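J.: coords please:
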Amino acid sequence: MTNLHPTHGPVAGHAKASPRARLPLKVGTRASRLALVQTRIFLRRIATFCPVLHDMQAFQEHPIRTTGDLVQDRPLAEIGGKGLFAKEIHEALGEGRVDFAVHSLKDLETTLPEGIVLACTMTREDARDALLPAPGLVLDPRDPVGSLPKGARIGTSSVRREAILRSLRPDLSILPLRGNIDTRMAKLDAGAFDAILLAVAGLKRIGADQHPHLPLDPENFVPAACQGIVGITCREADIELRTLLSAIEDPASRAVAAAERAMLAALDGSCRTPIGGHARLAGDRLSLTGLVASLDGRFALSKTLSGPSADAEAIGTALGQALRGEAPADIFAP
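T.: Residues are numbered from 1 along each chain as shown. Just a heads-up that it's a prediction; the model follows:
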């Protein structure tokens, strides 16, 4: 067995900060380029806190193909259920085939499988969505959606993005678009769409942010809850590893994630429900904007609630309950 001693961070020097684990640590991740990049960013970060992990051979990546990755011929909402990009990863974690797992936090269900916990949240990248125009199409950066040509073909696989687009521009033609970032951008460049929607965080992390893209105001085009945050899950019983992971927790990301995930839990929408959530911190104050909409865009409700960041989860719950109380019940049908 090998001692893993965090060298600094909030738990350094504490009696519980000396976990023992068998190396190499097995890391579960999706197999996409973005997922692997995010995993390696995290591994480099954790290695700075633990001397024996400076050698990247201390980790063993285990790319796992999830249901969301394997089924590419149907919209995500038709596949059914939440956690489509995490189910198989958490099965591997629960069975001991991996020690911990790295995720895009927006892909995780609000209630994790029994025995699995969210052990760490990393610093949030840009949470905004971006509109990527086809080659030759010039849009107004002050109003990218409003400056799209009438009837423009827009590619997206997100019911949230589709609903917001339909509420803003009913004339647009919204077309399904699945696949990884590279695949989606290749289809755009090939002329299949006039524009597509992607997360700015993903573009930045794989170095594709040099491609022309127009970020959208998160107050008007509310992002997915936890968009831009990388989260790490592990077994609840693995106290030593959880202690190590806590050394690199980003408190600001944990606060906004807690608010946004609590809002999702209170709304209890299905994967067919267009929902957005975006929390911001200013000192010790947290403001959370939430959105619920109908897929056709005819109903879209956005509300903001603020309070002490220490009450992040309570703010999220209260906002989710308020949105649910003012929205048509059929929006939340399974």
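
J.: quick check: longest helix of this structure.
T.: Using DSSP state H to define each element, the chain has its longest helix at helix 251-267.

J.: Next one: Arg153 from Leu132, what distance?
T.: 13 Å (Cβ to Cβ, to the nearest Å). All C-beta atoms are positioned from the backbone trio N, CA, C, and that covers glycine.

J.: if I pick His90, what's in contact with it?
T.: Counting by Cβ atoms under 8 Å, 6 or more residues apart in numbering, His90 touches 83, 101, 112-113, 116, 233.

J.: element containing it?
T.: helix 87-94 (DSSP states H and E).

J.: which residues in the stretch 1-150 of the chain form helices?
T.: 33-47, 67-70, 76-79, 87-94 (DSSP state H, counting those that start in this stretch).

J.: actually the stretch 151-300 of the chain, sorry about that
T.: Using DSSP H, counting those that start in this stretch, the helices of the stretch 151-300 of the chain run over 159-168, 181-189, 200-205, 239-246, 251-267.

J.: Include distance to His62 and mean neighbour count when you put the ones you listed into JSON lines, please.
T.: Shown next, in JSON lines, are those (distance: least, Cβ to Cβ, whole Å; neighbours: other Cβ atoms under 10 Å):
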{"stretch": "helix 159-168", "distance to His62": "30", "mean neighbour count": "23"}
{"stretch": "helix 181-189", "distance to His62": "22", "mean neighbour count": "17"}
{"stretch": "helix 200-205", "distance to His62": "20", "mean neighbour count": "22"}
{"stretch": "helix 239-246", "distance to His62": "15", "mean neighbour count": "19"}
{"stretch": "helix 251-267", "distance to His62": "24", "mean neighbour count": "23"}
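
J.: Any chance of the ones you listed in JSON lines with distance to Gly297 as columns?
T.: As requested, the helices of the stretch 151-300 of the chain are exported to JSON lines (distance: least, Cβ to Cβ, whole Å):
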{"stretch": "helix 159-168", "distance to Gly297": "3"}
{"stretch": "helix 181-189", "distance to Gly297": "22"}
{"stretch": "helix 200-205", "distance to Gly297": "23"}
{"stretch": "helix 239-246", "distance to Gly297": "40"}
{"stretch": "helix 251-267", "distance to Gly297": "18"}
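
J.: Just the buried residues of the contacts of His90.
T.: 83, 101, 112, 116, 233 (16 or more other Cβ atoms under 10 Å).

J.: so the fourth one bridges to which residues?
T.: Translated: Ile116. Beta-bridge partners recorded for Ile116 (DSSP bridges): Arg235.

J.: Surely Met185 is in contact with His211?
T.: Yes: between Met185 and His211 a contact is recorded at 6.5 Å, counting by Cβ atoms under 8 Å.

J.: can you list residues touching both of these two?
T.: Listed as contacting both Met185 and His211 by Cβ under 8 Å, 6+ apart are Leu132.

J.: Determine which two of the buried ones among the contacts of His90 are furthest apart.
T.: Farthest pair in these (Cβ to Cβ) is Gly83 and Ala101. Separation: 11.9 Å.

J.: How about the contacts made by the residue nearest the centre of the chain?
T.: For the chain, the residue nearest the mean C-alpha position is Lys106 (2.6 Å; Cα atoms, centre = their mean). Contact analysis of Lys106 by Cβ under 8 Å, 6+ apart lists 224-227, 229.

J.: how close does it get to Ser32?
T.: Lys106 sits 14 Å away from Ser32, going by Cβ to Cβ.

J.: Alright, I will stop here.
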